[in-house]
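> Provided below are the primary sequence and the corresponding predicted coordinates.
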Amino acid sequence: MPRGFWDWGVNPASIGVAPEISSSELAVRLGALSTYERLGEVVLQDGFSDGLALAAPLVDGASGTVNLYAGFAKTGGYSVRAITPAAVDGYSGVGYAITLFQLSNVGIETTFNAPLPYCWVSVEMITDDAVQQRFAAARYSPETGVVQIYNSAGAWVTVASGLSAASDLNLWSVLKLVIDLNAGYYKRVMFANRAIDLSAYPLYTYGTAGVVSIHPLVRVTATTLIAASAYLDNVIVTQNEP
């Protein structure tokens, strides 16, 4: 019977065709973590409900910390509180290793809350396609409202400015980066309801070939001699992005 009609009646028989729902879209509809952009296939989701079982803490120096934080989270009951050393460019965060993925448009995003604005919050990827290694990163400054990416010359360049993050402790912001692994270029960065086209920017290339892998990183980096801190939640890595 025609799709949307009763399974009885005088209508002539016909075939109803509907698009198949991808696993990532289905996860969104079932209340999973992917609520920011419903594109791509989810490779990894970490809402820290299992603690740091999936993530490896990244700490620069003995004074930085990465701790599971109960009772304050975007979803679920936990987030990660990353506290940097009290040094310019001191950092802390979490990292992952993924070996099963497709060489496609790959995305990484995180939800964050930075009550002290004197820091950068970044999403980064170290990739290896068995031919060469690449590094891609986008970062946001809650203090200045600037979004920057790491270009092919090994320098940070500003791609957007005047963007405000959520400043209330109970509000969260999302930063997402998408790169094209096949072409070796950036695709887009998204923040504050804006999608910024980065297709003119090639990725930074270095190193020698190794095991096909992606190492997604989420990092908080201090900009002053004061220790910076931010809450991180919902780290999501996707493949086959448009």
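Received the coordinates, thanks.
> C-alpha only now, for contacts and for neighbours.
Noted.
> where does this structure dip in pLDDT?
1-38, 166-170 (pLDDT under 70).
> element containing the residue nearest to the spatial centre of it?
The structure's the chain has its C-alpha centroid closest to Glu109; by Cα atoms, centre = their mean the separation is 1.4 Å. Counting by DSSP states H and E, the element that carries Glu109 is strand 105-113.
> residues of that strand that come out buried?
105-113 (16 or more other Cα atoms under 10 Å).
> what sits against the nearest residue to Ala153 once chain neighbours are set aside?
Distances taken as Cα to Cα, 6 or more residues apart in numbering place Tyr204 nearest to Ala153, at 6.6 Å, with adjacent residues excluded. Going by Cα atoms under 8 Å, 6 or more residues apart in numbering, Tyr204 touches 134-136, 150-154.
> make it 6 Å
Tyr204 makes contacts with 134-135, 151-152, as judged by Cα atoms under 6 Å, 6 or more residues apart in numbering.
> coming back round to it: the strand holding Glu109: how far from the chain's middle?
1 Å (Cα atoms, centre = their mean, to the nearest Å).
> who's in contact with the strand or helix carrying Ala136?
Using DSSP H and E, Ala136 maps to strand 133-140. Here strand 133-140 makes contact (Cα under 6 Å, 6+ apart) with 120-127, 146-150, 204-207.
> repeat that for stretch 82-98.
Applying Cα under 6 Å, 6+ apart, the contact partners of stretch 82-98 are 55-60, 63-66, 213-230.
> in that stretch, what's buried?
Across stretch 82-98, burial judged by 16+ other Cα under 10 Å covers 82-97.
> stretch 214-234 now?
By 16+ other Cα under 10 Å, the buried positions in stretch 214-234 come out as 214, 216-223, 226-234.
> look up how far Gly162 lies from the closest residue to Thr221 other than its chain neighbours.
Spatially, and ignoring its direct neighbours in sequence, Thr221 is nearest to Tyr91 (4.2 Å; Cα to Cα, 6+ apart). With the distance defined as Cα to Cα, to the nearest Å, Tyr91 ends up 24 Å from Gly162.
> need the helices for this structure, in chain order.
23-29 (DSSP state H).
> just checking, which of the buried residues of stretch 214-234 belong to strands?
Judged by DSSP state E, the buried residues of stretch 214-234 include 214, 216-222, 229-234 as members of strands.
> and those as JSON lines, adding distance to Pro142?
Shown next, in JSON lines, are those (distance: Cα to Cα, whole Å):
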{"residue": "Ile214", "distance to Pro142": "27"}
{"residue": "Pro216", "distance to Pro142": "22"}
{"residue": "Leu217", "distance to Pro142": "19"}
{"residue": "Val218", "distance to Pro142": "15"}
{"residue": "Arg219", "distance to Pro142": "14"}
{"residue": "Val220", "distance to Pro142": "11"}
{"residue": "Thr221", "distance to Pro142": "12"}
{"residue": "Ala222", "distance to Pro142": "11"}
{"residue": "Ser229", "distance to Pro142": "12"}
{"residue": "Ala230", "distance to Pro142": "11"}
{"residue": "Tyr231", "distance to Pro142": "13"}
{"residue": "Leu232", "distance to Pro142": "14"}
{"residue": "Asp233", "distance to Pro142": "17"}
{"residue": "Asn234", "distance to Pro142": "19"}
